[in-house]
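# One predicted model, sequence on top.
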Amino acid sequence: PTQLTTLKWWKPSTVLPMQLSGRAGGTMNVFDRTMKRRQKKWAASLQDSDKYDYLRDEVGSRVADRVYDIARTFPLALDIGCGKSHIAEHLHKEVVEQLFLTDISEKSLRNTRRSEIPTHCVMADEEFLPFKENTFDLVVSSLRITTILVLPSVSLCCHYNPSPFPKINQVLKPDGVFIGAMVGGETLYELRCSLQLAELEREGGFSPHVSPYTAVTDLGNLLGQAGFSMLTVDIDEIQVLYPGILEVMSDLQGMGESNCAWNRKSMLHRDTILAAAAIYQEMYGSENGSVPATFEILYMIGWKPHDSQAKPARRGSANVSFGDLSKIGQPSTKDKS
């Protein structure tokens, strides 16, 4: 089938590093977006880039499955951070009639896979969507949205500025649905722990070498604050086996998912890497010599509010007590008499 593709360009406004407001509910720029664009561009330019798509392909298919779970046809949909269209290749035009693909990498957009759905490609940062309000019936995203919300115990509630969820809610039509997947806070805990222990042993301290991720306990709050209703959040774990720590780090680089936090360390010493490899193998290695890398995937579904949607009953309107549930099935007093 012929694929209709148009490539447009969108340059987001400049975001200064480490923006932090001095009031509660302030925001902080956690990630170096320029570095992330470079990583994505480099990864997409690799001749063997397809060999690093296994995680995105798997998660993309699972996001598509959740689209099929909704019994309706979507006239216009948006895929945020489409990569090589890892979601679109699993969708059919009977479900999605027309699709916009966005990504921060031009090379990724030019390498999108064929689809029977008419598509339009727009080069745009997922944090700055250049679309009007109430445009799309469906928005999907797989492993491209990275949002941080610091635990409530911290005096300043900090997250990446701007959060993508309010903008996603804005471009959705009323009763439109957002279906997404993002990496969770327990992702790559084996790699993170091994590197930290190795740095403590060899250098007397440690720096973050894996990008921070959102905890599942915070994701529902983020979606609710963005205006979504009827929220669903579930967790999945995908474990991949590698020969060793070097292969784990090499594949992360090939995916374009190297650490891009502002406080990242520029390099790892050779002795530290060797120590981390030994720790990784000792703590997590299997009998056949391979080591696991765990990816925690958070799936989310949120709806833009509409009058037709089911609403919770008014507080205090119940005429049955939860305390009476245990009495269900028991004979009534009249029956006994």
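Now that the structure is in, tell me what you want to look at.

# neighbours around the nearest residue to Ser290 once chain neighbours are set aside, how many?
Ranked by Cβ to Cβ, 6 or more residues apart in numbering and with sequence neighbours excluded, the top spatial neighbour of Ser290 is Leu241, at 4.3 Å. From N, CA and C alone the C-beta is placed, and that goes for glycine too. If you count neighbours by other Cβ atoms under 10 Å, Leu241 ends up with 13.

# Leu241 touches Pro292, doesn't it?
Yes - using Cβ atoms under 8 Å, Leu241 is in contact with Pro292, at 5.7 Å.

# joint contacts of those two?
Common neighbours of Leu241 and Pro292, using Cβ atoms under 8 Å, 6 or more residues apart in numbering, are Ser286.

# before we move on, the earlier item: tell me if I am right that the residue nearest to Ser290 is in a strand.
Yes - assessed with DSSP: H, G, I helix; E, B strand; the rest coil, Leu241 lies in a strand.

# host element of the nearest residue to Trp303 once chain neighbours are set aside?
With Cβ to Cβ, 6+ apart as the criterion, Trp303 has its nearest non-adjacent residue at 4.6 Å, and that residue is Met230. Element membership of Met230, judged by DSSP states H and E, is strand 229-242.

# CA atoms only for that strand - export them in PDB, please.
Extracted C-alpha coordinates of strand 229-242, given in PDB (Å, rounded to 0.1, in the frame of the first residue of the first chain):
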ATOM      1  CA  SER A 229     -10.100  11.400  33.600                       C
ATOM      2  CA  MET A 230     -10.900   7.700  33.900                       C
ATOM      3  CA  LEU A 231      -7.300   6.900  34.300                       C
ATOM      4  CA  THR A 232      -5.700   3.400  34.000                       C
ATOM      5  CA  VAL A 233      -2.100   2.700  34.800                       C
ATOM      6  CA  ASP A 234      -0.500  -0.700  34.700                       C
ATOM      7  CA  ILE A 235       3.100  -2.000  35.000                       C
ATOM      8  CA  ASP A 236       5.000  -4.600  32.900                       C
ATOM      9  CA  GLU A 237       8.600  -5.800  33.100                       C
ATOM     10  CA  ILE A 238      10.700  -6.800  30.100                       C
ATOM     11  CA  GLN A 239      13.900  -8.500  31.000                       C
ATOM     12  CA  VAL A 240      16.700  -8.800  28.300                       C
ATOM     13  CA  LEU A 241      19.700 -11.000  28.700                       C
ATOM     14  CA  TYR A 242      23.100  -9.700  27.600                       C
END
